[in-house]
Structure formats: structure tokens, C-alpha cells
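Novice: Okay, predicted coordinates and the sequence, questions at the end:
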Amino acid sequence: MHRGVITCAPESGLATVAATMTANVVHAAVLLAPDHDRAVAVTDLDVIRAALRGGARDTAAGIARESMATVVSSAPLGEAVALMARREDAHLLVSEPGAEWPAGVLSSLDVMGALAGREPGLLRTVRPGPARPLVSATSLDATTVGAVMHPGVVTCLPDDSMERVAGVMADLRIHCVAIVGATRRNGVDEHFVWGLLSDMDVLHAVNRAGPGLTAGELAVTSPLALPEDAGLERAASLMAEHDATHVVVVDAAGTPAGVVSTLDVLRVLAAG
């Protein structure tokens, strides 16, 4: 787990919650329920869905979902992975005996690091990230996916192991990679093929079958994708509809040119 919990006040508005997540590069923030008996989480998709339905006056407490699942710090990691897979949840709170507040959070990227055999302390080291596009838009309908996307796509090969893919995600702190390769059409000409593989896809595979599968066996070959001139609101709608955290941006040739994540959407909402 990573120690400490990113929180927001129950009365925080959408822009504040979005700013909290983007500033800390997290996909969920925790608030204490009014009865002070359980912790609930507000996720990136909760904020996006509220924004799409015009909830300008919504608060963190108003959009917070069910109580966040908790595991004890001494629990086996496999138990936590099974709980994350069952709940389709990329985050779990971690508690310690006698403590009134969670000790930390276990995320899907923490699981990727463990699967790849990475040293947790090294993964916590703050490193410079890639430059992000400067976006002046303050509403989702005022910009395009091409304007906010992360240019370029991190790729792996179809025969790469789950452990290797998990290591790439953990090292770069990213939640998905493109799986690219070539295949033969009717036994003659080769053509380019690609799919998308997320940390949750890997987590589900580990929980279901254990290690041993390859990236090509797990990749989604029909990922959510939009052309560069598509509106950001359309990308946000696809994320909300499909419970997805990433949309691939494709160029005129239909090949991946970049990725839009929920955090890219939240940056615009935070400015609104």
C-alpha cells in the first residue's frame, strides 16, 4: 500500500474534487461519511458522470458512492486482489488494528508493482513526468481529445508476459498500454493490429488464472477510440457509459496517436 489517504471535504464542489485528484495524480479521494463510521470514496468517474448530467452544484458527499472496501494491513495480497476483482475496484483502504483512520490505500498499480517484483519504496520515488498539453478550456464541449491527450502511446508486444507489462505500468505509473504487432491477412500480406491492456485487465487475469498469460491473450482488440477532432465531451460520455478510464485517440490512418484519461477530463473540469 501507499501510506496516507488523499481526502476532500464532504461539501467540496465538483471543481474542487477534480482539482484535488489532478493535483495529487489520483483517481479517487476519500471523505468521511456524515455518521463518521465509514469511509466513502469519490472517484474520477463519479465526478465525470456528475458533470455530464449538469451537476454544477453537486458536492463530494452528494456524488460519493458506497462505502470503500477495506482490508487489514496484514491481509495476504492475493486476498486483496480477489476483493478488487470482485468489486471491480482499483482502490482499497488499508486499516491497522486500533486505528481510527485508514493507514493507506492499495491501488491497482501497487498490485502491478508487486506482480513485477518491484521494490515498493522505489515506486514511491517522485520522478519527473512527461509534459502535459496546456489546455485553456473550462468546459468539456470547448475542446477536443486531440488538444488534451497524452501524445504518443506506451506499447508492449503481444508475446510479452503479464509480469513485463505490469512492470511497465508500475515503472511509468500508467494504467494502460497498447499491445501492437502484425498479423497475416489470409496467409499473405502482414497488417498492423493493436489492442489495449489496462491494469485492471491484468489484475483480473491474475485473480482468475494466475500468471502465465501473455499480453496478446489479454488485450482488448476493440478499445474505445476517437479521432483527434472529436469533442472531449464525447470522450467523457464514453468513459461514463463503459466505466472506462481511458480512450485511445487515433490519427487519420486509424493508428494510436495518444490517450485521453479521466484525469485529462478532470483537469478541464477543475478549471471550470
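Specialist: Nice, I can see it. Numbers count the residues shown, from 1 in each chain.

Novice: buried set for stretch 169-180?
Specialist: 169, 170, 174, 175, 176, 177, 178, 179, 180 (16 or more other Cβ atoms under 10 Å). Every residue, glycine included, has its C-beta placed from N, CA and C.

Novice: What of stretch 69-76?
Specialist: By neighbour count on 16+ other Cβ under 10 Å, the buried set for stretch 69-76 is 69, 71.

Novice: Could you tell me the end-to-end distance of that stretch?
Specialist: One end of stretch 69-76 to the other measures 15 Å (Cα to Cα, to the nearest Å).

Novice: And stretch 98-105, by the same measure?
Specialist: Terminal residues of stretch 98-105 are spaced 17 Å apart (Cα to Cα).

Novice: Centre of the chain to that stretch, how far?
Specialist: Its chain's average C-alpha position is 23 Å from that of stretch 98-105, according to Cα atoms, centre = their mean, to the nearest Å.

Novice: Show the average pLDDT along that stretch.
Specialist: Averaged across stretch 98-105, pLDDT comes to 86.

Novice: again with stretch 28-40
Specialist: pLDDT averaged over stretch 28-40 gives 71.

Novice: Can you tell me, leaving aside adjacent residues, what's nearest to residue 167?
Specialist: residue 116 (3.4 Å; Cβ to Cβ, 6 or more residues apart in numbering).

Novice: And the pLDDT at residue 187?
Specialist: Here, the pLDDT recorded for residue 187 equals 58.

Novice: meant to ask about residue 119
Specialist: pLDDT, read off for residue 119, is 85.

Novice: gap between it and residue 170?
Specialist: According to Cβ to Cβ, to the nearest Å, residue 119 and residue 170 sit 10 Å apart.

Novice: Now tell me which helix or strand of this protein has the poorest mean pLDDT.
Specialist: The helix or strand of the chain with the poorest confidence is helix 120-123; it has a mean of 70 (mean pLDDT, DSSP states H and E).

Novice: Any stretches of the stretch 1-150 of the chain with poor pLDDT?
Specialist: Within the stretch 1-150 of the chain, the ranges that satisfy pLDDT under 70 run 32-38, 66, 121-134.

Novice: Helices of that one, residue ranges please.
Specialist: 14-24, 44-52, 60-63, 77-87, 108-115, 120-123, 145-148 (DSSP state H, counting those that start in this stretch).

Novice: what helices or strands is the fourth one leaning on?
Specialist: This means helix 77-87. If you count contacts as 3 or more Cβ pairs under 8 Å, 6 or more residues apart in numbering; DSSP states H and E, helix 77-87 packs onto strand 70-72, strand 91-95, helix 108-115, helix 199-209.

Novice: got the angle between the longest one and helix 77-87?
Specialist: For helix 199-209 against helix 77-87, the angle by axes from the mean of the first three to the mean of the last three Cα atoms, to 10 degrees is 110 degrees.

Novice: helices or strands up against the very next helix or strand once past helix 199-209?
Specialist: Downstream of helix 199-209, the first helix or strand assigned by DSSP states H and E is helix 215-218. Contact analysis of helix 215-218 by 3+ Cβ pairs under 8 Å, 6+ apart lists helix 162-172, strand 176-184, strand 190-198, helix 199-209 as its packing neighbours.

Novice: buried set for helix 215-218?
Specialist: Buried residues in helix 215-218 (16+ other Cβ under 10 Å): 215, 216, 218.

Novice: just stretch 241-254 next, same as before
Specialist: In stretch 241-254, counting by 16+ other Cβ under 10 Å, buried: 244, 245, 246, 247, 248, 249, 250.

Novice: What of stretch 74-94?
Specialist: For stretch 74-94, the neighbour count (16+ other Cβ under 10 Å) marks 80, 81, 83, 84, 85, 89, 90, 91, 92, 93, 94 as buried.

Novice: cool, and stretch 194-208?
Specialist: Residues 194-207 are the ones in stretch 194-208 that count as buried (16+ other Cβ under 10 Å).

Novice: And stretch 95-112, by the same measure?
Specialist: Neighbour counts using 16+ other Cβ under 10 Å place 95, 102, 104, 105, 106, 107, 108, 109, 110, 111, 112 of stretch 95-112 among the buried residues.

Novice: With that, I have no additional questions.
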